[in-house]
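Participant: structure here, sequence nowhere to be found:
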């Protein structure tokens, strides 16, 4: 009987060993992937129960957790909700997180790897673990100016310091109130979320860098002009035929300049003049001469065809591959299937403003633990050398001319050289235009680059223009940076 | 008690003869020390649950738990009188396990906002009190375990009756898809829990008398000694009953428990591995057929193999609960969230089937290892009776009862941690449920009774001038 008992004892021991192994596998070896599973609501509750760090602008919270009596222990609130919604994003129980709330969730909730020791320390000392605070690069004065300047128009404004890449303003309209999504009533959140999703105006999009991107229109001429000068084949003074109409090769499509006349009234026109007056036909000819490959390479150096995390994830702006000749000619003034975000067009201006050196745009100044230890400090970082300093100077000069004497006159500021380029992009037969402005100021020592997009024709269908509607908004943003 | 015969005896011997009375009191003193330690652990756990979950101490619940501590001490005192040589570890072990279970069930109550008789923790405290009183009763009534052997066929009939009781109309009820309960008025009871005790008694009694014919007689087939048909009878009856449980009561775990118990006792009694092979083949075939024919068994297997598959996760009766339990365990990690600080209430049935995932979440892997270690120690104390006991009935019964606990722990925790498909069994001593508590405390009382008869030393040694003239009194 003892022999059998010994064998059974071994079997029982093996059963227990199996349990020791299985619990170890679950609780230690695979625990991280189980915690990361999207269906794991405990991770969510945990991110609520720890005091989530605030998001700060100039030291003032724009998202902050306040204690509550319910099971989530803290309620996320947004003091200046509408103004900063595209930046903060939302923080919901069950619909995910967006904006900084989503992109820096690990830091805000205190679960990032660099906060691991702090968490252990908090547990051992009996304190409640707290998330890190995130200070943004946003300048509240500029942000408010951009918000006010846009009025009720649909679109976006982004302003960036071209020397460092610090984002000074990020406004998108229409917007939403993230407080309504932060409530702890799941049904109410879902109802509100679906209402926002169903809204045809798309209030949940941060139009500065995502959503349905627009054709950049004439602002894209900055990229084509850069490609032309960088190629070495052309100078600012290179002349192109300047007819009132041009029939695209291999088709019956006729392109015209804005207004339908001969642009500037001369038989030929230089690249410099064509840019400042925003002539379409000379640029179509230039695009034809350069070819799509050259334009695409230049666009890529400016950041096209790449998603950039600022750390909000941006939708990549597009200069497509394999364009045929008529498409290439249309793309040279930002039509065809070229698409760009305001962030992208601001980056084009940034590179031109900063002697061709494009700095990486960034929204985060620093990330600090609750005991004021710096986890991450913003450092300026070059994205690319998009163009040479000479090209940058030449294009800059053309943009100054465009504002001073050309098509972007509404961005003029007394006593300051403003460099700018407007765009009025077509979206299809009968559809309202998309109105653009991008530029920087002061031209000799740029403090800020800006891009403005106004969708839906600014409410004026096909009768508005970039200069009429977008340029004045940009002007007020530039003034806010320069004069406070 | 032990001192008075010593004083009497001393007077009758000359001074050159020293009389040494063995002092079982030392075992009981050790037990007392451990029991006090165990009660302290339990009170600490309940207090931590209150602090962790609500931030304040609720003295009324602590007082109830302290009342259980008094009952445990009462059981300890009872053993000093009626079972002085009993194993000193069993009572402290089950005190900690039962107490941790109460703490965790109470913790889930706090999360759910339950109170009064609606609160599982309060019910569990009351049932624990009842179970302890019954265990004390068993210790007092069953003074000699061999009496039980006489009642083996009564045990068999009552065992099978208890097993089949939930299938009766009117009183049998179905919960969570398994028909394991009977309901009479406001009381619901799981008779199968008591059935396992009765069947263990029957198996031990039957096998001690029948094992010679089972192991000696029979034909050889494929190198295995096959038993005679008439010896096979009771085995087939038990197999049929297990399968009936599986099919009608929809409970793979209970069927596995009964059948596993019988196979192991059969093997230990007869030493024939052919029984194990035959039995496993029978059960394996039955389980395989069941997994193909019965959708609920097949669903459990699918959920076990691929729980994270969205199809299984979202299916009714699918892997949702299993996955939530795994999330809970992962949330606990190595050191746990701390009592009252996790979210065990997210997992459905966290107070019963999934209490181990709740404990794993709040106590961490460290806590689970401690709990598994306690179970292992408990089972080892039972097996010790099998190794060291003086009579075969007692040895067999000790092994059987200990193995029931081991198998149940393996089936439940193995189910929660994906070692095997999930089945509906209660975690002994931990999980909410009165019938299970009563049955397991009876098992503990029987093991204590059995261990009391395991003598490693003679009761009384008389030494004459240092030369041991071994007069042994009271050897059984």
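Facilitator: Happy to help now that I have it. Since the model is a prediction, treat every value here as computed from it, not as a measurement.

Participant: contacts, neighbours, all on C-alpha from now
Facilitator: Fine.

Participant: enumerate the residues of the stretch 1-150 of chain B near chain A.
Facilitator: Within the stretch 1-150 of chain B, no position is near chain A by Cα under 8 Å from any Cα of the partner chain.

Participant: would you map the strands across the stretch 1-150 of chain B?
Facilitator: Under the criterion DSSP state E, counting those that start in this stretch, the stretch 1-150 of chain B contains strands at B:17-21.

Participant: I figured residue B:86 hits residue B:75, correct?
Facilitator: No - between residue B:86 and residue B:75 there is no contact under Cα atoms under 8 Å: 12.0 Å.

Participant: and these two? Which one has more around it.
Facilitator: Set residue B:86 next to residue B:75 and count neighbours by other Cα atoms under 10 Å in any protein chain shown: residue B:86 wins out with 25 against 20.

Participant: for the more buried one, what are phi and psi?
Facilitator: Per-residue torsions, residue B:86: phi -70, psi 160 (degrees, to the nearest 10).

Participant: just the pLDDT for it.
Facilitator: Looking at residue B:86, its pLDDT reads 91.

Participant: how about it, what does it touch?
Facilitator: B:27, B:79, B:448, B:449, B:450, B:451, B:452, B:453 (Cα atoms under 8 Å, 6 or more residues apart in numbering or on different chains).

Participant: hmm, try it at 10 Å
Facilitator: By Cα atoms under 10 Å, 6 or more residues apart in numbering or on different chains, the contact set of residue B:86 is B:24, B:27-28, B:31, B:79-80, B:445, B:447-455.

Participant: residues near residue B:265, how many?
Facilitator: Residue neighbour count, defined by other Cα under 10 Å, stands at 25 for residue B:265.

Participant: with residue B:92 instead?
Facilitator: By other Cα under 10 Å, neighbour count at residue B:92 equals 23.

Participant: give me the nearest residue to it, chain neighbours excluded.
Facilitator: residue B:35 (4.7 Å; Cα to Cα, 6 or more residues apart in numbering or on different chains).

Participant: what's the answer for residue A:424, then?
Facilitator: residue A:435 (4.7 Å).

Participant: swap in residue B:308?
Facilitator: Per Cα to Cα, 6+ apart, closest to residue B:308 is residue B:323, 7.0 Å.

Participant: could you do residue B:352 as well?
Facilitator: residue B:431 (4.5 Å).

Participant: and the gap between that neighbour and residue B:116?
Facilitator: 19 Å (Cα to Cα, to the nearest Å).

Participant: just want to know which of the two has more residues nearby.
Facilitator: Legend: neighbour count by other Cα under 10 Å for residue B:431 and residue B:116, higher for residue B:431 (27 against 10).

Participant: picking up where we left off before, now do the shared contacts for residue B:86 and residue B:75.
Facilitator: residue B:445.

Participant: wait, what's in contact with the residue most central in space within chain A?
Facilitator: By Cα atoms, centre = their mean, chain A has its centre lying nearest to residue A:209, at 2.8 Å. By Cα under 10 Å, 6+ apart, residue A:209 lies in contact with A:86, A:156-158, A:170, A:172, A:307-310, A:312-317, A:340-344.

Participant: looks to me like the residue nearest to residue B:352 is in a strand.
Facilitator: No - the assignment for residue B:431, made by DSSP: H, G, I helix; E, B strand; the rest coil, is coil rather than a strand.

Participant: surely it and residue B:351 touch.
Facilitator: Yes - using Cα atoms under 10 Å, residue B:431 makes contact with residue B:351 at a distance of 6.2 Å.

Participant: rewinding a little: closest to residue B:439 among the contacts of residue B:86?
Facilitator: Relative to residue B:439, the closest of the contacts of residue B:86 is residue B:445; by Cα to Cα it sits at 9.8 Å.
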